[in-house]
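Enquirer: After the sequence you'll find the predicted model.
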Amino acid sequence: MNRINIVTIKMEKVKSMLVDNKNIGSPKDVYKIVSEYLDGVDREHLVLLTLDTKNKITSISTICIGSLNASVVHPREVFKPAILSNAASIILAHNHPSGDTTPSKEDISITRRIKDGGDLLGIKLLDHLIIGDDYTSLKEKGIV
């Protein structure tokens, strides 16, 4: 006989932030929220916003923290909190501490992988924003 672990998975609210009670309607809405969330960080952070069926944010979380110019993420790390939040859709955002919001090849590659994974899971990737001195929406660039 082998003994197996009986486990449970749960999300824990660690803090909260006030945001306008409206639905996300544009990349600029996301930019305002994520800029406030990432205020003062000195390394690249990949952030996940989970949304309900009416595009209202249900949670925000940091998926990973990188170095000054890079962050590495696996799609399962993005979808774990999305699934636990019962997300209908997600938005990714990450900062470029350099201030330059030009998407790198890696940014485009991971965005496509996350989009494909979301398509399989039924969780739509609405956009991926790169935040620096301003922002770049990969949806507006036609990548999402």
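Expert: Everything's here; your move. Residues are numbered from 1 along each chain as shown.

Enquirer: low pLDDT regions in this structure?
Expert: Across the chain, the ranges flagged by pLDDT under 70 are 21, 67-72.

Enquirer: let's see 90
Expert: 1-2, 4-23, 25, 40-42, 66-74, 97-98, 106, 143-144 (pLDDT under 90).

Enquirer: Quick check: the most centrally placed residue in it vs residue 23, distance?
Expert: By CA atoms, centre = their mean, the chain has its centre lying nearest to residue 48, at 2.2 Å. Distance of residue 48 to residue 23, given as CB to CB, to the nearest Å: 18 Å. For the C-beta atoms, the positions are set from N, CA and C on the backbone; glycine is no exception.

Enquirer: and the host helix or strand of residue 76, what does it pack onto?
Expert: Using DSSP states H and E, residue 76 falls within helix 75-84. Applying 3 or more CB pairs under 8 Å, 6 or more residues apart in numbering; DSSP states H and E, one finds that helix 75-84 contacts strand 45-51, strand 57-65, strand 89-95, helix 105-121.

Enquirer: Contacts made by stretch 118-125 with the rest, please.
Expert: Here stretch 118-125 makes contact (CB atoms under 8 Å, 6 or more residues apart in numbering) with 79, 82-83, 87-92, 111, 114-115, 144.

Enquirer: run the last query once more with 10 Å
Expert: Stretch 118-125 has contacts (CB atoms under 10 Å, 6 or more residues apart in numbering) with 50-51, 75, 78-79, 82-83, 85-92, 111-117, 126, 138-139, 144.

Enquirer: Check the offset of it from the chain's centre.
Expert: 14 Å (CA atoms, centre = their mean, to the nearest Å).
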